[in-house]
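*Asks:* Fold the stuff below for me.
(chains A, B, C and D)
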Number of protein chains: 2
Amino acid sequence: METKTALTALTGLAHATRLAIFRLLVPAGAPGLAAGQLGEALRLPPATLSFHLKELRHAGLLTQRRAGRTLYYAADYTAMNALLAYLTENCCQADAGGCEAVCAPPVPARKRRSSSATRRPL
Amino acid sequence: METKTALTALTGLAHATRLAIFRLLVPAGAPGLAAGQLGEALRLPPATLSFHLKELRHAGLLTQRRAGRTLYYAADYTAMNALLAYLTENCCQADAGGCEAVCAPPVPARKRRSSSATRRPL
DNA sequence: TCCATATTTCCATTATTTTGGAAATATAGT
DNA sequence: ACTATATTTCCAAAATAATGGAAATATGGA
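*Replies:* All right, here's what the predicted structure looks like:
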């Protein structure tokens, strides 16, 4: 990933509302969530929500899928992984046994969710 | 790391000049670089540079150290690691074998610099 | 076709961030 | 004390981002 792309992704996530949107979409997986569901969960006026969804989509962090009248948005894990790779590669310590040793996440992985998505608060 | 802190760090990095500053400081290690060196490298007017250094410092991404008249800035690896941990934990795929499998950086680690001794994380 | 629903786009207003010159501060040397 | 260097803070202008009401678009159903 090049710096310009990383910068776009960082800018996409660097806003409270957008980070909240993205975090809601992460556990939602590939099916994603409808714009309306996001709007209700975050109590956002439609225009404001739409603005941030557009930003995230332009930042390459979200995919959009239409089903009837509703538009579903899903987190683009590939983009997120690429951002993490960029940060690990470019913004981590060079010494002391390589980057992995220093940058490895100190927390265990998220638990797999059950069939009905349990959502956690913001 | 809580969301508010992560947001601050993301906002810190989400600017071309600040990301450039941070990327210059990463390989510079604990001694860091003088403000003047950064200004010359990036060709920034002093006030502008100082503004961004302050932003990065307030975002917890930089440490400051004075030596005589010059101020040295260094990347705070701990903060960066915490940000990576947050993103890995909160913004990565939940399924398919856990987060590490999905979010592991697909690129090899940076090469260590041969000249200086092994350095510990800050 | 007409109406309802889901969501976006338009756009003006407001809010926030960024910029950089000039003045101020900090330190060192003479 | 004076001068030079390194860097910051002040501040106002310029640039950019965010907000949300209202109008527009897209789709589905009667």
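*Asks:* burial count for A:T70?
*Replies:* 12 (other CB atoms under 10 Å in any protein chain shown). All C-beta spots, glycine's among them, are computed from the backbone N, C-alpha and C.
*Asks:* how about the nearest residue to A:A59 once chain neighbours are set aside, what does it touch?
*Replies:* Take A:A59 and drop its neighbours on the chain: the residue closest to it by CB to CB, 6 or more residues apart in numbering or on different chains is A:G12, 2.9 Å away. Neighbouring residues of A:G12 by CB atoms under 8 Å, 6 or more residues apart in numbering or on different chains: A:18, A:55-56, A:58-61.
*Asks:* Drop the exposed ones from these and show what's left.
*Replies:* Buried members of the contacts of A:G12, scored by 16 or more other CB atoms under 10 Å in any protein chain shown, are A:18, A:55-56, A:59-61.
*Asks:* The helix or strand where A:T48 lies vs DNA strand D: in contact?
*Replies:* Take DSSP states H and E as the rule and A:T48 turns out to sit in helix A:46-58. Yes - Helix A:46-58 lies within reach of DNA strand D by CB under 7 Å from any atom of the strand, at A:46-48, A:51-52, A:55.
*Asks:* Could you do stretch A:13-31 as well?
*Replies:* Yes - with CB under 7 Å from any atom of the strand as the measure, stretch A:13-31 is seen reaching DNA strand D through A:15, A:17.
*Asks:* Surely A:H15 and A:T48 touch.
*Replies:* No - at 11.4 Å, A:H15 does not count as touching A:T48 under the criterion of CB atoms under 8 Å.
*Asks:* ok, these two, which is more surrounded?
*Replies:* A:H15 (18 against 12).
*Asks:* Apart from its chain neighbours, what residue comes closest to the more buried one?
*Replies:* Spatial nearest neighbour of A:H15, chain neighbours left out: A:H52 (7.1 Å); criterion: CB to CB, 6+ apart.
*Asks:* element containing the residue positioned nearest the centre of chain A, please.
*Replies:* The centre of chain A sits closest to A:F22, judged by CA atoms, centre = their mean, with a distance of 3.8 Å. A:F22 belongs to helix A:16-25 when assigned by DSSP H and E.
*Asks:* and that helix, does that touch DNA strand C?
*Replies:* No - using CB under 7 Å from any atom of the strand, we find that helix A:16-25 stays clear of DNA strand C, coming within 10.3 Å at best.
*Asks:* Residues contacting the helix or strand just after that helix, please?
*Replies:* Once helix A:16-25 ends, the next helix or strand along the chain (criterion: DSSP H and E) is strand A:33-34. Strand A:33-34 is contacted by residues A:24-25, A:41, A:70-74 when judged by CB under 8 Å, 6+ apart.
*Asks:* What separation do you get for the residue in chain A positioned nearest to DNA strand C and B:R43?
*Replies:* Relative to DNA strand C, the nearest point of chain A is A:G36 (2.3 Å; CB to the nearest atom of the strand). To B:R43, A:G36 is 48 Å away according to CB to CB, to the nearest Å.
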